[in-house]
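Asker: Okay, here's the prediction I keep looking at, along with the sequence it came from:
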Amino acid sequence: MKSLTLSVTIRFNESIERDEDIQEVMENVKSALVHEVDTKGLSPESADWFTTKIEISEPYTQTRTTHDFLTETNNE
């Protein structure tokens, strides 16, 4: 398996009503994951493999954002 799909639920104290706010949350999650890859890594400590790409999608707005570690590019 080269890809792992996880389901994450983030709850807030109030409703999110604007699509722009959803996009900003997605970018914040991506930034947190990129930071973790750049510092400690997401792969197990004993693994010889490493993260090559992060893709985050959100079904309500049907938006997607990615970060490719091999080319260091972001796509929205």
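Answerer: Cool, the structure landed. Numbers count the residues shown, from 1 in each chain.
Asker: C-alpha only now, for contacts and for neighbours.
Answerer: OK.
Asker: can you count the residues close to residue 26?
Answerer: 20 (other CA atoms under 10 Å).
Asker: what about it, which SS state?
Answerer: Under the three-state scheme (DSSP: H, G, I helix; E, B strand; the rest coil), residue 26 adopts helix.
Asker: Run a quick check on it versus residue 56, I expect a contact.
Answerer: Yes. Residue 26 is within contact range of residue 56, at 6.9 Å (criterion: CA atoms under 8 Å).
Asker: between those two, what contacts are shared?
Answerer: residue 65 (CA atoms under 8 Å, 6 or more residues apart in numbering).
Asker: count of neighbours near the closest residue to residue 53 other than its chain neighbours?
Answerer: Closest residue to residue 53 apart from its sequence neighbours, by CA to CA, 6 or more residues apart in numbering: residue 68 at 4.4 Å. Other residues near residue 68 number 15, with proximity taken as other CA under 10 Å.
Asker: and residue 68, what does it touch?
Answerer: Residue 68 neighbours (CA under 8 Å, 6+ apart): 52-54, 74.
Asker: need the helices for this protein, in chain order.
Answerer: Assigned by DSSP state H, the helices in the chain fall at 19-39.
Asker: Name the residue closest to the centre of it, please.
Answerer: Centrality entry for the chain: nearest residue to the mean C-alpha point is residue 30, 3.6 Å, by CA atoms, centre = their mean.
Asker: That one and residue 53 touch, don't they?
Answerer: No. Contact between residue 30 and residue 53 fails when scored by CA under 8 Å: they sit 10.6 Å apart.
Asker: anything in contact with each of the two?
Answerer: By CA under 8 Å, 6+ apart, the residues touching both residue 30 and residue 53 are 66-67.
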